[in-house]
Every structure is written in C-alpha cells, then in structure tokens.
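In: got a sequence here, can you model it:
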Amino acid sequence: MRESLKKPMGLLLKDSETSKDHILKTIPKGAFLITVGDATTEKMIKFGLDPSLQIVDSMEKRNKREPPLGTVKTVHRCSNPPAEITTESIESIKKALGEEPPVRILVDGEEDLLVIPAVLHAPKNSVVMYGQPNEGLVIVVVTQEIREKAQKIMNAMT
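Out: Coordinates of the predicted model:
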C-alpha cells in the first residue's frame, strides 16, 4: 500500500505556490481546518489560519523538533507507531473533534497516516491539510467521495 499512500489525497500545492492567499482561494469559506504534521500546522498558524484540530508528533523529516507555537485550548496525547493507525489515535481524533477548538493531539510515534481517520471523522465543511515530503502542501476538501476513499484505505489496512 505504500505507493498508493504516497499519492496526495487532494490538491497538491507546490512549496513555491503555498501562500495564505492561494490557500484561502482553495478552501471553502468558514471551513473547519485540520492539520496533520508539525511543519503544516506551524505554517498555517504563521498565516493566521489557526487550525481547529492540530495533529503533530514533534518530528519533521524524521528529526526531533519543538512542537509548533500557537494557542490551544486542549492537548491530547496518544501513541501511534510508524506505518500504523492505532485505535487509541482514532479515539483521540474523535474526542478532539467533539471539543471546543483549537485542540492539539500530540502523537508519540508518527502522525502521517492519521490523515485517514481525520478525513473519516471530520465534521461537514472540513479541510484536512498535510505536507507531501519535498513537494508541498496537500489540501483535502472533505467530501463523501474522499471519505469513501479513506474508508477503503482503512479497510485494506485491517
């Protein structure tokens, strides 16, 4: 499944195209913003687009880093080893989505694949953003079609 997981789930903005204006033109007005990844979360906070749900692991390209600065109301912690999606991480996402934003989930392990349950459980009018290593920013406008794609991936992983 590695090859299929490397394909962006949504629109890929090259690093050179990633600006606040370009992002705002791409996402629906008033969207519930979910970020997965430290660099993506940090970039959105710098743009003044405070994500409602931030999923981070204090790592960037396999190197330890400080978590993004930014105000959050609640922080959850969960364990999610590389190349896995744990029940604990799914439950953390569901719980965080029911709380007043902004909420951060600090993952012990790796957060990359948590894009999939984030898409599955995101409320209506949501956008999930994550980094595509060495390429740019992926913007996933959550639709029924995208949810079905994410569900197929989850089903194939179990």
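In: any stretches of this protein with poor pLDDT?
Out: Under the criterion pLDDT under 70, the flagged ranges of the chain are 1-4.
In: which residues in the protein form strands?
Out: Counting by DSSP state E, the chain has strands at residues 11-14, 32-36, 53-56, 59-60, 63-64, 74-80, 103-109, 126-132, 136-141.
In: ranking these by burial, who's on top?
Out: Among those, ranked by average contacts under mean count of other CB atoms under 10 Å, first place goes to strand 53-56 (a mean of 28). For glycine as for every other residue, the C-beta is placed from the backbone atoms N, C-alpha and C.
In: so what sits opposite the most centrally placed residue in the chain in the bridge?
Out: Centroid check for the chain by CA atoms, centre = their mean gives residue 36 as the closest residue, at 2.5 Å. Here residue 36 sits in beta bridges with residue 55, residue 130, going by DSSP bridges.
In: and the nearest residue to residue 107 once chain neighbours are set aside, how close does it get to residue 44?
Out: Once flanking residues are discounted, residue 107 sits nearest to residue 57: 4.2 Å by CB to CB, 6 or more residues apart in numbering. Distance of residue 57 to residue 44, computed by CB to CB, to the nearest Å: 16 Å.
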